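> any chance you can model this:
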Amino acid sequence: MEVPESARLHGNFTLGANETVNSSIEDPPRGFAIVVTVHRDKKEIISYVTANCDDLPLIGLKVTRHSEGVSVVHSCT
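Numbers count the residues shown, from 1 in each chain. The predicted structure follows:
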């Protein structure tokens, strides 16, 4: 995957069963996109998740890993 030079790492989170993390990006630029990779371990990526609302603000992104895969919900205003 190639990303533009303007790309920034927001965070790297390791979660166990039934754990959650909340994070926010302050003042994101217009037209930005979020890419989330979900790993089984440090070597195996099991899913890529992307969210983009064009010129609208992204107000929420929820990524949930299940034993059978990954589910995603995102909302734009």
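> what ranges of the protein fall below the confidence cut-off?
Within the chain, no range satisfies pLDDT under 70.
> name the residue closest to the centre of it, please.
Val36 (3.4 Å; Cα atoms, centre = their mean).
> show me the beta-bridge partners of that residue.
Val49 (DSSP bridges).
> what distance do you get for it to Lys62?
Distance, Val36 to Lys62, by Cβ to Cβ, to the nearest Å: 10 Å. From N, CA and C alone the C-beta is placed, and that goes for glycine too.
> can you check Arg40 too?
For Arg40, the distance to Lys62 - Cβ to Cβ - is 20 Å.
> number of residues surrounding the nearest residue to Asp54 once chain neighbours are set aside?
What sits nearest to Asp54 in space, not counting adjacent residues and going by Cβ to Cβ, 6 or more residues apart in numbering, is Gly31, at 6.2 Å. Here the number of neighbours of Gly31 (other Cβ atoms under 10 Å) works out to 10.
> look up how far Glu68 lies from Gly31.
33 Å.
> repeat that for Val3.
Distance from Val3 to Glu68, by Cβ to Cβ: 29 Å.
> residues near His39, how many?
Counted with other Cβ under 10 Å, His39 comes out at 13.
> with the one 3 residues further on instead?
Taking other Cβ under 10 Å as the neighbour definition, Lys42 ends up with a count of 7.
> who's in contact with Arg40?
Ile46 (Cβ atoms under 8 Å, 6 or more residues apart in numbering).
> one more time with 10 Å
46-47, 65 (Cβ atoms under 10 Å, 6 or more residues apart in numbering).
> same question for Lys62.
The contact partners of Lys62, by Cβ under 10 Å, 6+ apart, come to 20, 49, 71-75.
> how about Thr64, what does it touch?
Here Thr64 is in contact with 20, 38, 70-73 (Cβ under 10 Å, 6+ apart).
> show the buried residues in the residues you listed.
Val38 (16 or more other Cβ atoms under 10 Å).
> strands - which of the contacts of Thr64 land there?
Among these, the members found in strands (DSSP state E) are 38, 70-73.
> sounds good, over and out.
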